[in-house]
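Peer 1: my questions concern the predicted model and sequence given below.
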Amino acid sequence: MHFGERDGKPAIEAVHERRPIYPSEAMREHVTGTVYLVARLDADGKVVDAAA
């Protein structure tokens with residue numbers, strides 16, 4: 001995996017981005033956390049399965 005730029009273009013590009021809805025109660029209470037995302041890719045580099 002390469003992060004950054006390659007040949008002057010971003011190496012990773014979002015095709016579709018959907019921001020998560022953060023619960024209003026958690027925002028009021030300043031709740032934070034870390035989420036780890038695991039993705040399985042096919043031979044063409046497309047995501048075939050993902051889990052948080």
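Peer 2: Good, I have the coordinates.
Peer 1: nearest spatial neighbour of the residue nearest in space to the middle of the chain, skipping sequence neighbours?
Peer 2: Residue closest to the mean C-alpha point of the chain, counted by Cα atoms, centre = their mean, is Leu37 at 6.9 Å. Spatial nearest neighbour of Leu37, excluding adjacent residues (Cβ to Cβ, 6 or more residues apart in numbering): Ala52 at 5.5 Å. The C-beta positions use only the backbone N, C-alpha and C, and glycine is treated the same way.
Peer 1: test my guess that the residue nearest to the centre of the chain contacts Val47.
Peer 2: No: counting by Cβ atoms under 8 Å, Leu37 sits too far from Val47 to count as a contact (10.0 Å).
Peer 1: quick revisit: the residue nearest to Leu37 contacts Ala39, doesn't it?
Peer 2: No: the pair Ala52 and Ala39 does not pass the contact test of Cβ under 8 Å, sitting 10.0 Å apart.
Peer 1: the more surrounded of the two?
Peer 2: For Ala52 versus Ala39, the count of surrounding residues by other Cβ atoms under 10 Å is larger for Ala39: 10 against 7.
Peer 1: report the contact partners of the nearest residue to Leu41 once chain neighbours are set aside.
Peer 2: Counting by Cβ to Cβ, 6+ apart, Val47 is the residue found nearest to Leu41 once chain neighbours are left out, at 6.0 Å. Taking Cβ atoms under 8 Å, 6 or more residues apart in numbering, we find Val47 in contact with 39-41.
Peer 1: need the pLDDT of Val47.
Peer 2: On pLDDT, Val47 comes in at 86.
Peer 1: again, but for the one 5 residues further on
Peer 2: What the model reports as pLDDT for Ala52 is 89.
Peer 1: ditto for Met27
Peer 2: Met27 is assigned 91 on the pLDDT scale.
Peer 1: how much space separates it from Gly33?
Peer 2: Using Cβ to Cβ, to the nearest Å, one obtains 13 Å as the distance from Met27 to Gly33.
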